[in-house]
Each structure stands twice: as structure tokens, then as C-alpha cells.
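sequence unknown, structure follows:
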Ligand code: MF3
Ligand code: CO
């Protein structure tokens, strides 16, 4: 069942999203060569606390951290560790879900450490473009898979891999609500979108194939062919005026 939110609830999610996106803005100052992903996670935890945000990840199915930090060929759900040290040329994906007064925002971004290849820069650019293409379909009256198809169309132009086993999701008071939002599929299927729905849309794409596996830590999702991967995520709400991005405080919230 897709939970419909009223304006006040969406406003609360927006407040969470504003604070979370402000924390993300500072991340480039923290993702420095020689820093462990555990130190980055601890910094995020401190910032969440400062802002009154409550982590939705810590404690979720036994997860012990407030962020997922995935490097290079790790796609998503990278577990922060003191032995994973950021180095020149790394592509760092950070994903954080937190709530303010019980209302969640979920967001992920890619960060380059030093210079990256043209290919990797393009991969990230296309992930962002695919996210925006998906968001632009989040209008009342459209079908859910219009979002999925728009994401896939963007990625298919470049022949990048799309993860099939992981998806975006509804979001509200819980981090994960119905529906599941695949990053591929045929348009015109699934529930009809309505004002008051809120989604976390999150394309996960690779430079190579779409085969992935979960590492020894039980969480980290890695590409089998070791190709680099990109992941970006925003929390959006469907309003009478179309989609609004709740996790882009200092950026354009309309796509
Ligand atoms: N925020 C992520 C998502 O969109 C990751 C959840 S996994 C967690 O689903 F355990 F780390 F929280
Ligand atoms: Co999510």
C-alpha cells in the first residue's frame, strides 16, 4: 500500500531533506586522501546529531553505521571501515537516510577524489541525468514505471549496466515504504501516481556488466567484473505543481 502524505508531512520530510543536503554539501571537505570511510561515517554521525537528525540506517537489520560508503567497484551498501582508506582517483558514493521529528529523507551522491577518468566522470553524469529523467516523470496521473522507463532510457543511451536486484522505494515515516521503484522497465505499468506520494529514486549503474555480489561483511554490493559504479539518490514528493526534490536545498528543487 502506498501511503499518501499530506502537505504538513511532506513539509516535515522537506525539513529533514534540507538539513541532510546541507551536510552533504560539506562532505568534499571530509572525503580527503588518507581518511578512512569509518572516520567519514563518524563525521556524518556527529553532523546528524548536531542537526537533530536521527539515523534510519543505524540499527536497521543490524547495520551499525549512519551511512553507506561505497568505493569504486562497490555499488551500494558499503560498510564504513577503518581499513578502507580514501586514495587519489577514488569514486566515493555516500548514502544517508535520516529522520527529523519522525519524517525521513534519503539521499546519495558521488564524490571524486582528485582526478577521475573521462569515462568515470561520464558514468556519474549519466547517473545524475537518469535520476532527473526519472524525477521528471513523477507527476500525478502518470504510471509508476514511467519513472523506471525514463531512468533506463537515459542509461541505455550509453550502454551502461543497470543493477536489477536493487531499487528505489517509497519513503515517509519509514525509510522503506511501498512501492518498489525499479531502475528499468516498460513505461505505463504499475500504480497511477498521486499527489502526496513520496519516493526515494536511486539509479545504480556500472561501467560494465550488471552482475553484483555481496561481500564477506554481508552488506557491501560489488560488481563481479570489477567495473566502477555510480549511485545517486534523491527523495521527492509529488505535489499539485509536479515533483519537488526534498534533498536539494541549495539547488534547483524542480526538475
Ligand atoms: N538508504 C539506502 C536505501 O535506499 C540504504 C539502506 S541500507 C542500510 O535503501 F542498512 F544501510 F540502511
Ligand atoms: Co534509498
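Looks like it arrived, so ask away. Please read all numbers here as calculations on a predicted model, not as lab measurements. Ligands and ions are numbered 1, 2, ... in the order given.

Residue 169 falls within a strand, correct?
Yes: the assignment for residue 169 is a strand, going by DSSP: H, G, I helix; E, B strand; the rest coil.

Quickly list what it is bridged to.
On the basis of DSSP bridges, residue 169 is bridged to residue 180, residue 200.

Would you agree it is in contact with residue 197?
No: checked against CB atoms under 8 Å, the pair residue 169 and residue 197 is beyond contact range at 11.5 Å. (Each C-beta comes from the backbone N, C-alpha and C, glycine too.)

Compare neighbour counts for the two and give me the winner.
Neighbours were counted for residue 169 and for residue 197 using other CB atoms under 10 Å; residue 197 has more, 27 against 19.

helix or strand for the closest residue to the more buried one other than its chain neighbours, which one?
Distances taken as CB to CB, 6 or more residues apart in numbering place residue 238 nearest to residue 197, at 4.8 Å, with adjacent residues excluded. Using DSSP states H and E, residue 238 sits in strand 234-239.

what's that strand in contact with?
5, 10, 13-14, 17, 104-107, 131, 135, 138-140, 171, 193-202, 243-248 (CB atoms under 8 Å, 6 or more residues apart in numbering).

Next one, pLDDT for the residue nearest to residue 197 please.
On the pLDDT scale, residue 238 is placed at 98.

what's the spacing between it and residue 170?
Residue 238 sits 11 Å away from residue 170, going by CB to CB, to the nearest Å.

any weak-confidence spans in the stretch 101-250 of the chain?
Along the stretch 101-250 of the chain, the model assigns pLDDT under 70 to no residue.

Tell me the residues of it that contact ligand 2?
Within reach of ligand 2 by CB under 5 Å from the ion, the stretch 101-250 of the chain has these residues: 106, 200.

Run through the residues that contact the residue of the stretch 101-250 of the chain found nearest ligand 1.
Closest to ligand 1 within the stretch 101-250 of the chain is residue 106: 4.8 Å, counting by CB to the nearest ligand atom. Residue 106 makes contacts with 56, 95-97, 171, 175, 200, 202, 233, 235, 247, as judged by CB under 8 Å, 6+ apart.

Who does it form a beta bridge with?
When bridges are called by DSSP bridges, residue 106 pairs up with residue 97.

on that earlier part again, direction included, what does the strand holding residue 238 pair against?
strand 198-201 (antiparallel), strand 242-245 (antiparallel).

Turn those into TSV, including mean neighbour count.
TSV is the format used below for the strands paired with strand 234-239 (neighbours: other CB atoms under 10 Å):
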stretch	mean neighbour count
strand 198-201	27
strand 242-245	22
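
and these as a markdown table, adding distance to residue 28?
What follows is these, written out as a markdown table (distance: least, CB to CB, whole Å):
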| stretch | distance to residue 28 |
| --- | --- |
| strand 198-201 | 23 |
| strand 242-245 | 20 |
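
re the thing from before, mind checking which of the contacts of strand 234-239 are buried?
Among those, the ones that count as buried by 16 or more other CB atoms under 10 Å are 5, 10, 13-14, 17, 104-107, 131, 135, 138-139, 171, 193, 195-202, 243-248.

Mutual contacts of residue 238 and residue 170, please.
Residues touching both residue 238 and residue 170 (CB under 8 Å, 6+ apart): 197-199.

hmm, back to that, and of the contacts of residue 106, the nearest to ligand 2?
residue 200 (4.0 Å; CB to the ion).

residues touching the closest one, list them.
By CB under 8 Å, 6+ apart, the neighbours of residue 200 are 97, 106, 168-171, 181, 233-236.

tell me the contacts of residue 248?
Applying CB under 8 Å, 6+ apart to residue 248 gives the contacts 17, 21, 234.

tell me the secondary structure for the second one?
Recorded secondary structure, residue 21: helix (three-state DSSP).

which residues of the stretch 51-200 of the chain fall in strands?
Counting by DSSP state E, counting those that start in this stretch, the stretch 51-200 of the chain has strands at residues 54-55, 67-71, 74-76, 91-100, 103-112, 161-162, 168-170, 177-181, 198-201.

No further questions, thank you.
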